[in-house]
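In: The following block contains a protein sequence and its predicted model.
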Amino acid sequence: VGNRDDSNLYINMKLKAAAEIGISANHIKLPSTATEADVLKCIASLNGDPAVHGFIVQLPLDSDKPINTEKITNAVAPEKDVDGLSSINAGKLSRGDLGDCFIPCTPKGCMELIRQTGIQVAGKRAVVVGRSKIVGAPMHDLLLWNHATVTTCHSKTSTLAEEVGKADILVVAAGKAEMVKGEWIKPGAIVIDCGINHVPDSTKASGKRVVGDVAYNTAKEKASYITPVPGGVGPMTVAMLMQSTVESAQRFLEKFQPGKWNIQYTQLTLKMPVPSDIEISQSCIPKPIDQVAREVGLLPDEVELYGQTKAKVHLSALKRLKNQPDGKYVVVTGITPTPLGEGKSTTTVGLVQALGAHLLQNVFACVRQPSQGPTFGIKGGAAGGGYCQVTPMEEFNLHLTGDIHAVTAANNLLAAAVDARIFHELTQTDQALYNRLVPSVGGVRKFSDIQLRRLQKLGINKTDPTALTKEEVNLFVRLDIDPGTITWQRVLDTNDRFLRKITIGQSPTEKGFSRTAQFDITVSSEIMAVLALSDGLDDMKKRLGRMVVASSKRGEPVTADDLGVTGALAVMMKDAIKPNLMQTLEGTPVFVHAGPFANIAHGNSSVLADKIALKLVGKEGFVVTEAGFGADIGMEKFFNIKCRYSGLRPHVVVLVATVRALKMHGGGPAVTAGVPLPKEYMEENLQLLAKGCSNLNKQIQNAQKFGVPVVVAVNAFKTDTKAELALVVQMAKEAGAFDAVECTHWAEGGKGAVALARAVQRASQTPSNFRFLYNVELPVVDKIRLIAQQIYGASDIELLPEAQEKVTLYTKQGFGNLPICMAKTHLSLSHDPEQKGAPTGFILPIRDIRASVGAGFLYPLVGTMSTMPGLPTRPSFYDIDLDPVSGEVNGLF
C-alpha cells in the first residue's frame, strides 16, 4: 500500500530473488488512498486463488486511511502466510507445531545461519534481545523448540550486559544502534545481528551509514561467528521467504489431485418409510454456500452470496477458466410422461449424488428454476424428491435470488413501452414527438446511442438532430405499430386463469385507446428464453434488442431496440444472467439458472451455467442437465436449439422411464393428478407393460437420431415388481440402449443411482457422433416436417391458413433460417394427448407460427394450449404453511 521508497526497495529485492530461482512473483500495488476494506478484498481474492501459493503484505502500510495492521496480517490464509505473521501461524509456532506452520522469515533465516556454523543448538544457552512479533518473540519460540535454553531480554532488562554475557547464541533485534557492546559478549558465541540503523557519518556521501544493534568492530573479536550489517540477516530473510513459498507449493501439491475437487460430502440418514420431501430437506443441514464455492474452485470475488445457502456466480469465472478443457456433458430426459411426471429432476439429482458422493467424481447438476405458478398450483415444487433434492427446497422453489422477478419486471417494462408508444404516436404530431424523443438539454440536442442505431437501421446516416428532413423525422418518430399484430404480452409468475384475456386502456386518461390483451406466466416470456440461451452480457443485450414485439402497418418487424428500451432491459437483467449456486442433499454442487417453458420455448436451463460447470468439473468430470417434458420435446430442443447456439456437444442421454407411464402407454386407464391410481398400476401386468414399451423404444430411437448413446434409467416405485422392472430393462436394451438400469435413488439417495452412474461413465467413453436433425437453411415448412416425421412419427403436417401466412411473413422478414421450437402437448408423441404409445400415420396440424427472434427460434403451435395456467379446485398451496415461531416453511412442495 502506498509508495514508500524503502518498501519498494525490499519488494524489488524479493522479486529479483524470485525471478532468479524460477518463482512467478508479482507486485500488487494499492494506492495510498486505499482503505482497510480495499486491502482485505485484495487479500480475500489471493486467499481463494489456487494459482497463488504464497503472498506477503509489505509493512508498514503507507495509507492515508486508518488501517489495523494486525487485522490485515490475520486476514492472510495461514496456508499462504509465507511471512508467518498471522496469529494462527504464531500460535502453532509457540506450541511447537513447526511442521504445520510458516515461521517468520527473519527468525527462520537466523536459525539457518546458526545451523550453517555446524554448532548444535540443543543444550546451548541462547539469549534473544528484543520481543517484537516479527523477530524477537518467534525467535525465542524457534530456539526453544530446537532445545536451547532461552532467555528473552529487552530495553527494560536491568541486567542486560550480564544476560548477554551468558549466551552461547545471541540474537539481537532491539532496533537500537550498537546497543550491545563487544565486551559483553561471551568468547566463542554465535552472534546474529538483525538490526538496521542509520548513524551519522560525514565520510559518506549521504552523511550516514548503516549499522546493526551490535557494536560489530569490537564484537567480532570475541564472537566465533557474527553476521555483518548490511549483508548478513537481510539476504537470508529474502532467501527464507523463497523457501517458505516453495514449501507452501509442496504442501499444496501433496493435497492436490490434478482435476479432483477437495470436497466434503454430506452423509444421509435414510429413513423408512421415506418422509415427506420438506421433512427430508429440513432435516439435512446444507454446507455454507461459500464452502461449496471454494470446493469447486471458484474464487471469492467470483461469488456473490445471498445468505448461507445460495449464491450468484460472476461470469468472470468463465473468462478465467476459458482455457480449461470441458468435462462430459449429460442430458437427462424422459419417455412421454403421465400428468404426474416420471422423476427426471429426481433422477438428475440422484445421478449427480451418485457420481459425486459415491464415485468421487467432479460433477455438477444444472437445472431450471421453477415457476411459482405451478409450485402453488397443482404440480408443486421441482427440487427433485425423496433423498434426491436440491436444498433447501423452499429457497429453491420460492424467490431464489429474484431472477424470475427480474424477468417479470423487464417483460412488463417492454409491454408498457409498446402501448405507451402507440398512445403517444396517436396523440402527437411528428414534431412534438421528435421534440420529446430528442429533447434540448442546455440548448443542445443529442441522439442517444440506441437512437443512432435506429437511424442506421432506417438508412439515415446523420448524427446531428437538426439535420433531419421532415420525411426523416417522420420515419424516425413513427413506429406505426399495428395493434392487431402485437405479440408481446404482460406476464405474472402466478397461475391466474382470469388474466388469459383482458381489456387494457379503459381509464379515461387513455382517451379511448383500449385493446384486448392477455397475461402469460413469466417463464413463458421470451426474455426467459433469452436468458437461457445467452452466452454473456453482450450476447444477452443483442438478443434483447432483437426481440420482435409487433409489426408495423407496413409489415416490418418492430423490435425492443426500435422502442429504445434495450439498454434498460439489459440493466434489469444484469444480475439475473449470473447462475445461482446451490447444492444437493449430499453436498454436490448445483447451478439453478433460467426456467423457460418447454412448449413455446426450449425448456432447458441456461447455456452459461452449463459452460461454467463444464470448465469447473474438468476433463474427467461430469455436468448433468435436464431437458423439460419428454424426449420428443425437451431433448429435441436441447439438441437442435440449445446445443446449436452454445456449441456444446453432449456425450450421453439418460432416458427416464417408469413402469407406471409405460403401462399407461400400453392401454392402461387415464392417470390424473390428485386422483388415486387405478388398480392396473398397483398390480403386476407384464402384457400391458410390454405393449407400452413402444413409447420407450421410440424415444430411444429419437435420441439415437442425434448420434448420442442412450442409458435408460428405470425409476422404480414401491408398487413395481421385480419382473416388471426386469422387463423394462430387457426391452430397453433390445431397443438399442447402451445400457438400462433399475434405480432406487428416491428412497436411497445417490446410493440408489450408483449403477446408473457407472453406466453413464461407461457410455461417456464411447464415441459420440453428435449431429443436428436439420439444417437451419432449410425452408421453415421442411424443418417442421422433419421434426414431425422423424421425432413424432407423423406421416405429414398440415399448415392452417394462419400458419401459412406466418411462414410467408417470417421468411419475408428474414427469420426463415431460425431453428424450430415446436409447441406441442407433452402427454403424447402426437398432437392429441389421448393418443398414447407410439402412434404413427397421423397428420400433425400447425394452427399458427410465432417468432421469438431475440431468443432465436420460431415456434409453431400444434393444437391449443395456454401460456397462463389456472389454479385447480384444490391448489397445492392448501398444504403450505409458515411456522410463526421458527419461521420454517411447513407442508408439501
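Out: Sure thing, it's come through.

In: How many residues are close by the residue nearest to A293 when sequence neighbours are not counted?
Out: In space, and not counting its chain neighbours, A293 is closest to V303: 4.5 Å by C-beta to C-beta, 6 or more residues apart in numbering. For glycine as for every other residue, the C-beta is placed from the backbone atoms N, C-alpha and C. For V303, the count of nearby residues is 20 (other C-beta atoms under 10 Å).

In: before we move on, what about L458?
Out: 12.

In: likewise G854?
Out: Other residues near G854 number 26, with proximity taken as other C-beta under 10 Å.

In: and it, that's in a strand?
Out: No. Under DSSP: H, G, I helix; E, B strand; the rest coil, G854 sits outside any strand and is assigned coil.

In: That one contacts M547, correct?
Out: Yes. Between G854 and M547 there is a contact under C-beta atoms under 8 Å: 3.5 Å.

In: shared neighbours of those two, anything?
Out: The contact sets of G854 and M547 overlap at E526, I527, V530, A560 (C-beta atoms under 8 Å, 6 or more residues apart in numbering).

In: per the record, what domains does this structure have?
Out: 102-236, 277-401+575-765, 404-573, 780-861 (the TED database).

In: what about the helices in the stretch 101-250 of the chain?
Out: Applying DSSP state H, counting those that start in this stretch to the stretch 101-250 of the chain gives helices spanning 105-116, 136-145, 160-164, 216-219, 233-255.

In: Any buried residues in the helix or strand that the longest one is followed by, and which?
Out: Put plainly, it is helix 233-255. For helix 233-255, the following helix or strand on the C-terminal side (DSSP states H and E) is helix 277-283. For helix 277-283, a neighbour-count test (16 or more other C-beta atoms under 10 Å) marks D277, I278, I280, S281, Q282 as buried.

In: just to revisit the earlier point, put together TSV for the helices of the stretch 101-250 of the chain, with distance to L756, mean neighbour count and mean pLDDT on each row.
Out: Shown next, in TSV, are the helices of the stretch 101-250 of the chain (distance: least, C-beta to C-beta, whole Å; neighbours: other C-beta atoms under 10 Å; pLDDT from 0 to 100):
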stretch	distance to L756	mean neighbour count	mean pLDDT
helix 105-116	53	21	95
helix 136-145	54	23	96
helix 160-164	73	17	96
helix 216-219	75	17	96
helix 233-255	31	17	91
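
In: quick one: buried residues of the one helix or strand A726 maps to?
Out: Secondary structure from DSSP H and E places A726 in helix 722-734. Buried residues in helix 722-734, counted by 16+ other C-beta under 10 Å: E724, L725, L727, V728, V729, M731, A732.

In: Mind giving me the packing neighbours of the following helix or strand past it?
Out: Going down the chain from helix 722-734, the next helix or strand is strand 739-743, by DSSP H and E. Counting contacts by 3 or more C-beta pairs under 8 Å, 6 or more residues apart in numbering; DSSP states H and E, strand 739-743 packs against strand 710-715, helix 722-734, helix 754-764.

In: Which neighbours in the sheet does the helix or strand in which E626 is found have, and how are they oriented?
Out: Here E626, judged by DSSP H and E, is contained in strand 622-626. Applying DSSP bridges, strand 622-626 is found paired with strand 328-334 (parallel), strand 363-367 (parallel).

In: Turn those into CSV, including distance to D881 and mean pLDDT.
Out: Listed next are these as CSV, based on distance: least, C-beta to C-beta, whole Å; pLDDT from 0 to 100:
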stretch, distance to D881, mean pLDDT
strand 328-334, 32, 98
strand 363-367, 26, 98
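
In: Nearest to G96 among those strands would be which one?
Out: Among the strands paired with strand 622-626, strand 363-367 comes nearest to G96, with 41.4 Å by C-beta to C-beta.

In: contact partners of that closest one?
Out: Identification of contacts with strand 363-367 by C-beta under 8 Å, 6+ apart yields 296, 345, 348-349, 352, 355-356, 382, 390, 584, 588-593, 605-606, 609-610, 613, 616-617, 621-626.

In: What residues of the helix or strand just after that strand count as buried?
Out: Tracing the chain past strand 363-367, the next element assigned as helix or strand by DSSP H and E is helix 372-376. The neighbour-count check on helix 372-376 (16+ other C-beta under 10 Å) flags Q372, G373, P374, T375, F376 as buried.

In: With stretch 535-547 instead?
Out: Within stretch 535-547, the residues that qualify as buried are D535, D539, M540, K541, K542, R543, L544, G545, R546, M547, counting by 16+ other C-beta under 10 Å.
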